[in-house]
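> Give the three-dimensional model of this entry:
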Amino acid sequence: MKKFNDDTLFLVLKSKWFNLIECGDKKEEYRELNKYWLNHLCQLEYDNYDNVYGKIKDYKYVVFQLGYKKDAKRMMFDIHDITIDYGNPDWGAEDNKKYYGFSDEICVKGKFVIIFRA
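Residues are numbered from 1 along each chain as shown. Purely as a prediction, here's the structure:
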């Protein structure tokens, strides 16, 4: 598998979401902020009260891969923003649920939204 630069976020998708992105209908992707994603996306620091703070890594691009096959189809986009926002239910978000993520300097628990441009 190709090794990507540190400025590239690599995400594996199911065919439903990959196809919606590929045809231009889906412009956001959502991920749960659990321990794995916090460590993957942030430079983390802990204070004396077990609060977690961090700065998001400087991702400029996102690569979406269709499943886990060795020769899986991929596409690459510029990242426009990683933000806190309500997600679109047609794109996999729960209706009227706010997806939490990153402010400029602090990682918070919940979910995050990656907004990208073709």
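> okay, His40: pLDDT?
According to the prediction, His40 has pLDDT 79.
> Can you list the buried residues in the strand or helix carrying it?
Using DSSP states H and E, His40 falls within helix 35-41. Applying a neighbour-count criterion of 16 or more other CB atoms under 10 Å, one finds Leu41 buried in helix 35-41. (Each C-beta comes from the backbone N, C-alpha and C, glycine too.)
> can you check stretch 62-76 too?
For stretch 62-76, using 16+ other CB under 10 Å, the buried residues are 62, 64-66.
> gap between Tyr46 and Ile56?
Per CB to CB, to the nearest Å, Tyr46 is found 17 Å from Ile56.
> higher neighbour count, the two?
More crowded of Tyr46 and Ile56, by other CB atoms under 10 Å: Ile56, with 17 against 10.
> which stretches of this structure have low pLDDT?
1-3, 32-34, 50-52, 83-88, 96-113, 115-118 (pLDDT under 70).
> Not counting residues beside it along the chain, what's closest to Cys42?
Gly54 (3.5 Å; CB to CB, 6 or more residues apart in numbering).
> how many neighbours does the one you found have?
Gly54 has 18 nearby residues by other CB under 10 Å.
> For it, pull up the helix or strand it's in.
Judged by DSSP H and E, Gly54 forms part of strand 52-56.
> Return the list of helices and strands in contact with that strand.
helix 35-41, strand 42-46 (3 or more CB pairs under 8 Å, 6 or more residues apart in numbering; DSSP states H and E).
> helices or strands up against the last one?
Counting contacts by 3+ CB pairs under 8 Å, 6+ apart, strand 42-46 is packed against strand 52-56.
> right, and the helix or strand after the strand it packs on?
Following strand 52-56 in sequence order, the next helix or strand is strand 61-66 (DSSP H and E).
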